[in-house]
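Participant: no sequence for this one, just the structure:
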């Protein structure tokens, strides 16, 4: 079982920067990354921001390339999301996601509770 704790959300002015952090507990973690849920959208409609996988490397969504940066510390099971030049359209809930093998070897997805980012204009 993997548990996640996110931190770093809040109210930020447009043009500013923000760093979100995620700390995971558990074993056999193979990927850590971040997803975005826009206001009014369901959990199923969460969009990939960026993810770092042990074998696939780093993947960003097209919209996240440039202003968003994902980093991961494999030894500490932590991940960060840095957002630069924040825009009001970045407002939403950001979720940390972890992929890890369960005891029988299946790849499982684990989600944090989400952290709200509000960007004021």
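Facilitator: Good, I have the coordinates. What you are looking at is a predicted structure, and each value in this text was computed from that prediction instead of being measured. Residues are numbered from 1 along each chain as shown.
Participant: Residue 49: how many residues sit nearby?
Facilitator: Here the number of neighbours of residue 49 (other CB atoms under 10 Å) works out to 24. All C-beta atoms are positioned from the backbone trio N, CA, C, and that covers glycine.
Participant: and the nearest residue to it once chain neighbours are set aside, what are its bridge partners?
Facilitator: Spatial nearest neighbour of residue 49, chain neighbours left out: residue 34 (4.3 Å); criterion: CB to CB, 6 or more residues apart in numbering. For residue 34, the beta-bridge partners under DSSP bridges are residue 50, residue 96.
Participant: Who are the packing partners of the helix or strand where residue 52 lies?
Facilitator: Secondary structure from DSSP states H and E places residue 52 in strand 47-53. Counting contacts by 3 or more CB pairs under 8 Å, 6 or more residues apart in numbering; DSSP states H and E, strand 47-53 packs against strand 29-37, strand 57-60, strand 68-73, strand 78-83, strand 92-101.
Participant: List of residues touching it?
Facilitator: 30-38, 58-61, 63-64, 68-72, 79, 81, 94, 97, 99 (CB atoms under 8 Å, 6 or more residues apart in numbering).
Participant: by how many degrees do that strand and strand 68-73 diverge?
Facilitator: Per axes from the mean of the first three to the mean of the last three CA atoms, to 10 degrees, the angle that strand 47-53 makes with strand 68-73 is 30 degrees.
Participant: So which bits of strand 47-53 are buried?
Facilitator: Within strand 47-53, the residues that count as buried by 16 or more other CB atoms under 10 Å are 48-52.
Participant: quick one: the most centrally placed residue in the chain from residue 83, how far?
Facilitator: Centroid-nearest residue in the chain, with CA atoms, centre = their mean: residue 34, separated by 1.8 Å. Distance, residue 34 to residue 83, by CB to CB, to the nearest Å: 10 Å.
Participant: Can you get me the start-to-end distance on stretch 51-64?
Facilitator: End-to-end distance for stretch 51-64, by CA to CA, to the nearest Å: 11 Å.
Participant: Make 369 the starting number, not 1.
Facilitator: Happy to do that; since the first residue is 369 now, the last one works out to stretch 419-432.
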